[in-house]
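1. Turn this into a model:
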Amino acid sequence: MFVYAGIDEAGYGPLFGPLVIARSIFILDQHEPTLEPPSLWSLLRSAVCKKPGDKKRRLVINDSKMLYKPAWSLEYIEQGVLSFLSASGIDPKNLDDLLEQSAFDKLSCQIKQDWYHSPDQKPYVPSLLSLSQLEKSKKRLHRAMLKNSIHLADIKAAVVFEDRFNQMVQIKGSKAGCAWAFVSGHLESIWSRYSEHHPLVVVDRQGGRKRYQELLEPIFDPAEVSTLYENPLKSFYRITKGMRQMHILVQVKSENQHFPVALASMVAKYLRELLMMRFQSFWSAHAPNIKPTCGYFVDGSRFLREIQPLIDELNINPQNFIRCC
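-> From the prediction side, this is the model:
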């Protein structure tokens, strides 16, 4: 069997909303461990594709930034994410269910901030698709995965709310350090569960760092971390302890080439955007004349200026609301 995993994030840059770092882990029963993974787009081509607008109406799996457009909203992302979640045994009815069932840890599904609470548990899941549309996608995907002996073993997401984000940045010294702490947690989990099967884990590279050995060594100590190569686009490592082994590829734009990373990016984006729906609903109720924001820096700064008087009025602690970087 071949264990093939991917890790990616959504929400690295905004002033508002959570940072979400997700993983997906596939098991290919008919394949041996390899450093040249087969294309899951090809193996599952009867059910999935890479580009929107497919005439066969297959699931679109790609970098979430390619799929989240104003004209499409979250539809493609929702269809892909919920279909694959179902394949892993997760069938949420609302956002709270989804957070709980996909949580990386307890803090990923503990909502403390008022702007993420919803008395009626909206948005429901699915929020855009009909149940019949989703059911068709699930069945098609199930047939394709069964035919090729492919299993989605795991989907988990670290949802880092603003208060935790600010605390982690202070502890780790930077936003990159905060993000890496959760990537590390995913890597450690994959190693502990699957290292006897020699998994390949692909991590989407953020920022300009090219050398990761010194970051990997503390995670896997006392295992040996070997650098296979490092170049401007890819950094490749082998972790070894006795018969246990794992390869980690950190790659620029890996979601375009590695299916598990693409799915992880979509899961992260979907969770973040559903939470931002609650954020926008909260502020629309308290400030109906102020244009909502998606939280990214330029528009987020505008939004912050306009709601500033309400922050004190609503007794909101800025440390729990505004991300520090």
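2. hey, let's count contacts and neighbours off CA atoms from now on
-> Fine.
3. who does the strand or helix carrying residue 144 touch, helix- and strand-wise?
-> Under the criterion of DSSP states H and E, residue 144 resides in helix 131-147. Identification of packing neighbours for helix 131-147 by 3 or more C-alpha pairs under 8 Å, 6 or more residues apart in numbering; DSSP states H and E yields helix 75-87.
4. Next SSE downstream of the helix it packs on?
-> Downstream of helix 75-87 (by DSSP H and E), the next one is helix 95-101.
5. buried stuff in the helix or strand bottoming out on mean pLDDT in the chain?
-> The weakest-scoring helix or strand in the chain, judged by mean pLDDT, DSSP states H and E, is helix 64-67 (a mean of 92). Neighbour counts over helix 64-67 (16 or more other C-alpha atoms under 10 Å) mark 64, 67 as buried.
6. how far does that helix sit from the chain's center?
-> 12 Å (C-alpha atoms, centre = their mean, to the nearest Å).
7. try stretch 134-152
-> 21 Å.
8. what does it rub up against?
-> Contacting residues not belonging to stretch 134-152 are listed as 24-30, 43-48, 58-59, 79, 82-84, 86-88 [C-alpha atoms under 8 Å, 6 or more residues apart in numbering].
9. Any of those buried? List them.
-> For the contacts of stretch 134-152, a burial check counting by 16+ other C-alpha under 10 Å picks out 24-28, 43-44, 46-48, 58-59, 79, 82-84, 86-88.
10. where exactly do the strands run in the protein?
-> Per DSSP state E, the chain carries strands over the ranges 2-10, 19-28, 48-49, 59-60, 150-160, 200-204, 224-230, 234-241, 244-251.
11. Make JSON lines out of these and add mean pLDDT.
-> JSON lines is the format used below for these (pLDDT from 0 to 100):
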{"stretch": "strand 2-10", "mean pLDDT": "98"}
{"stretch": "strand 19-28", "mean pLDDT": "99"}
{"stretch": "strand 48-49", "mean pLDDT": "98"}
{"stretch": "strand 59-60", "mean pLDDT": "97"}
{"stretch": "strand 150-160", "mean pLDDT": "98"}
{"stretch": "strand 200-204", "mean pLDDT": "98"}
{"stretch": "strand 224-230", "mean pLDDT": "98"}
{"stretch": "strand 234-241", "mean pLDDT": "98"}
{"stretch": "strand 244-251", "mean pLDDT": "98"}
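12. Which among the ones you listed is found nearest to residue 287?
-> Closest of the strands of the chain to residue 287 is strand 19-28, at 24.5 Å (criterion: C-alpha to C-alpha).
13. so what does that closest one touch, helix or strand wise?
-> strand 2-10, strand 150-160, helix 175-194, helix 259-286.
14. Using PDB, write out every CA atom in it.
-> Only the C-alpha atoms of strand 19-28 are listed here, as PDB (Å, rounded to 0.1, in the frame of the first residue of the first chain):
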ATOM      1  CA  LEU A  19      -5.900  30.600   9.800                       C
ATOM      2  CA  VAL A  20      -6.800  27.100   8.800                       C
ATOM      3  CA  ILE A  21      -4.100  24.400   8.100                       C
ATOM      4  CA  ALA A  22      -5.500  21.100   6.800                       C
ATOM      5  CA  ARG A  23      -4.300  17.700   5.800                       C
ATOM      6  CA  SER A  24      -5.700  14.900   3.600                       C
ATOM      7  CA  ILE A  25      -4.300  11.300   3.700                       C
ATOM      8  CA  PHE A  26      -5.000   8.800   0.900                       C
ATOM      9  CA  ILE A  27      -4.200   5.100   0.900                       C
ATOM     10  CA  LEU A  28      -3.700   3.400  -2.500                       C
END
